[in-house]
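In: Return atomic coordinates for the entry below.
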Amino acid sequence: MKIFKDFSTYNAYIGLCKPLDNDIDIGYYDAPNMLLKSAPVIVDFYRISIKINYADLSADNIKPVNAVFFNSPELAAGWNTAPAYTGMYIQLSKKIIEENRFLFKTYLDYGQHEALYLAEDEVEEINALFKLMFKYYQDEKKHFSLLLSYVNVLVSLVEVFYKRQFSTDPKQYNRVLTGFQQSLIDYYNQPVKQLPNVQYFADKLGVTANYLGDIVKHFTQKSALENIHEFIIKKAEELLAQGTQMNTAEIAYELGFEYPNYFSKFFKKQIGLSPKEYRMQMKNKF
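Out: Predicted coordinates:
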């Protein structure tokens, strides 16, 4: 599989203009003069692609869409597209992201398969913003701070648009939420050796951890990790309420904690009581 370490080699491969800088690259798509079909490749940087009238010929439904796509390092992606689409792209080095992470949201790590579909007025907003970005990118003075500010505005717009997408098609995203909740139940219906994390459930559902986390947060008002912790606490309360059948250490191991004292600290932080105090409180109620 081909791995592209820099903008120049990738742009040459796909048929894009030569980048003006090694850390940020901004440009417009010219589909008729680009590589329209490719086996999966990996880019070692971040890409934001805004594609208008884009048709994926490998999909079951070839209806053209207006959408924002994301590529992040180590994500393999191939394509087979019709030559009719237009659009623009932003490419950001890992160095730029690491140095300015506070400017960016989690969408850069969503992955190509979690696209943001755009309404016509949203396309117009992004187009207007992109014209300004491209203007300053072409300036020989290279206004990097201003360019990064514009990228931040774009990502903030994406946040607003994603919330709209989550709200206008809740059935699609409720399936992800339901799948997450069921996978959590299934996880504890079998012997466990460690505590589950968000990445585990994202892998189960075939999405990225950031994408799963944002959907869970949108619909439950709590992060995916908070949902996992709440479930673990509920299981712990059930086991502690069963009387003296299991001691604290056994319950800790049953839930996937490596060390019983970590379980005790975790439980007290969430409930305000130690497992022993909680068990005594429950015993005194009866």
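In: For the protein, just list every one of the helices.
Out: 7-14, 94-99, 120-138, 144-168, 170-187, 198-205, 209-220, 224-240, 248-255, 260-271, 275-284 (DSSP state H).
In: In JSON lines, list the ones you listed along with mean neighbour count and mean pLDDT.
Out: Heads up, the C-betas are built off the backbone N, CA and C, glycines and all. Below are the helices of the chain laid out as JSON lines (neighbours: other CB atoms under 10 Å; pLDDT from 0 to 100):
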{"stretch": "helix 7-14", "mean neighbour count": "17", "mean pLDDT": "97"}
{"stretch": "helix 94-99", "mean neighbour count": "14", "mean pLDDT": "88"}
{"stretch": "helix 120-138", "mean neighbour count": "15", "mean pLDDT": "92"}
{"stretch": "helix 144-168", "mean neighbour count": "16", "mean pLDDT": "84"}
{"stretch": "helix 170-187", "mean neighbour count": "15", "mean pLDDT": "89"}
{"stretch": "helix 198-205", "mean neighbour count": "18", "mean pLDDT": "93"}
{"stretch": "helix 209-220", "mean neighbour count": "20", "mean pLDDT": "88"}
{"stretch": "helix 224-240", "mean neighbour count": "18", "mean pLDDT": "95"}
{"stretch": "helix 248-255", "mean neighbour count": "18", "mean pLDDT": "94"}
{"stretch": "helix 260-271", "mean neighbour count": "16", "mean pLDDT": "95"}
{"stretch": "helix 275-284", "mean neighbour count": "15", "mean pLDDT": "87"}
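In: Generate TSV for those helices, with distance to Tyr29 as supplementary columns.
Out: Formatted as TSV, those follow (distance: least, CB to CB, whole Å):
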stretch	distance to Tyr29
helix 7-14	9
helix 94-99	21
helix 120-138	12
helix 144-168	16
helix 170-187	27
helix 198-205	30
helix 209-220	24
helix 224-240	34
helix 248-255	50
helix 260-271	49
helix 275-284	58
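In: Specify the stretch among the ones you listed that is closest to Met88.
Out: helix 120-138 (5.0 Å; CB to CB).
In: For that closest one, which helices and strands make contact with it?
Out: When contacts are defined as 3 or more CB pairs under 8 Å, 6 or more residues apart in numbering; DSSP states H and E, helix 120-138 sits against strand 24-28, strand 46-54, strand 65-71, strand 86-92, helix 144-168.
In: partner strands of the shortest one, parallel or antiparallel?
Out: Put plainly, it is strand 24-28. Its sheet considered, strand 24-28 pairs with strand 86-92 (antiparallel) by DSSP bridges.
In: between the helices and strands packed on helix 120-138, which gets nearest to Leu16?
Out: Short answer: strand 24-28, nearest of these by CB to CB, at 5.9 Å.
In: got the buried residues for the closest one?
Out: 24-27 (16 or more other CB atoms under 10 Å).
In: could the helices and strands packed on helix 120-138 be laid out in a markdown table, adding distance to Glu258?
Out: Conversion of those to a markdown table gives the following (distance: least, CB to CB, whole Å):
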| stretch | distance to Glu258 |
| --- | --- |
| strand 24-28 | 43 |
| strand 46-54 | 34 |
| strand 65-71 | 35 |
| strand 86-92 | 38 |
| helix 144-168 | 36 |
